[in-house]
Every structure is written in structure tokens, then in C-alpha cells.
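> how would this look folded up:
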Amino acid sequence: MLQADTSNLLPRLLTIIVTLSGVALLGWQSRQLYLQMTRLPAATHRAPAPRGDTDPALLERLFGVAAGNATARLQGVTLLGCIVAANPAQSQALLRIEGLGAVTVSIGDEFLPGTRATQITHDHVVFQRAGSSGRLEFDADNKAVPREQAP
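Predicted coordinates for the structure are as follows:
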């Protein structure tokens, strides 16, 4: 008669049991993950649609200026705020330009055709236009007022 070799039976049986246990555990975890994913809300939070104007409260927090009071225009430009860096070349001004919205301007940037920012300080922006320079500054009431200067 044939006699079966049972010396390798225990290691084979343990391998089969461990493999089946792993497959069962993986199947159970996959099912739990699927159930959790199907319970997620259908609609996620969406960011608000961008508005054409800038929120005055946000600008007040950023620049300390009530942007709603800045009403003077320089060919459709309103100074909203200035950020002055230790290196003047890195200073920036926030301008609202009609038709474009809020625009960040650095020294040397042309923000209107023929109009370049030449200096940015904590309370005004100096610009050059058609050979003459001018200033867009904040007055005592936090209103931006353009003032032309001789070349």
C-alpha cells in the first residue's frame, strides 16, 4: 500500500489557514471602507464664487485702512493699501483698477498704459505718467487722493 508523507502536512495546513485569515481580514476591511465611503455627504463644501469687488473688512485687517472710504480716482485707480518691505524693491501696493479689480503693484510695474509705480511708502504711491510724477496717497480721512507734481 501507498503510505502518505504527513511530515509536511502541519506547515502546509498553517500556511493555508494564515492565507485564508488574511484574505478574510482584507475583505472585511474593504467592506468597512466601502460602507464608510457610501455614508459620506453627497455635496461637499464649495468655496464662494469670486466677487468683482474686494471685501472691505479683509482689506482693513490687512492694511489697517477702511477701504470703503477710499473713493478718489486716478483715471479709475483707487489706492487700497501699501505694504512696505525692508528692501524698497519688494514693497507692494494694492490698487483697485476699474475693469480689472484689485491689482498688486510693485515698483517699476506699469499698472495703466504709460503709468508706472516708482516709489511705494506706508501711506502713498509715487507714479510717473507722461513725463510727470504724481502721488496717490491717503489723507486724514483715509481717502486716497491723487496729486499731480511737476516733473
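> tell me which helix or strand of the protein sits lowest on mean pLDDT?
Lowest by mean pLDDT, DSSP states H and E among the helices and strands of the chain is strand 144-149, with a mean of 55.
> what helix or strand is Gly27 located in?
Counting by DSSP states H and E, the element that carries Gly27 is helix 9-38.
> over to Ser7?
Ser7 is part of no helix or strand when elements are defined by DSSP H and E.
> need phi/psi at it.
Note on Ser7: backbone dihedrals following degrees, to the nearest 10 are phi -70, psi -30.
> residues near it, how many?
Close neighbours of Ser7, defined as other CB atoms under 10 Å, add up to 7. Any C-beta I mention is one placed from the backbone N, CA and C, and that applies to glycine too.
> which pLDDT value belongs to it?
Note on Ser7: pLDDT of 76.
> from Gln32, how far out is the closest residue to Ile120 other than its chain neighbours?
Residue nearest to Ile120 in three dimensions, not counting chain neighbours: Ser91, with 4.0 Å by CB to CB, 6 or more residues apart in numbering. Going from Ser91 to Gln32 by CB to CB, to the nearest Å gives 55 Å.
> in the protein, which spans are strands?
Secondary structure of the chain (DSSP state E): strands at 77-83, 92-97, 101-106, 110-112, 115-120, 124-129, 132-138, 144-149.
> now the closest residue to Ala85 other than its chain neighbours: phi and psi?
Spatially, and ignoring its direct neighbours in sequence, Ala85 is nearest to Ser91 (4.9 Å; CB to CB, 6+ apart). Dihedral pair for Ser91: phi -70, psi 150, per degrees, to the nearest 10.
> perfect, that will be all.
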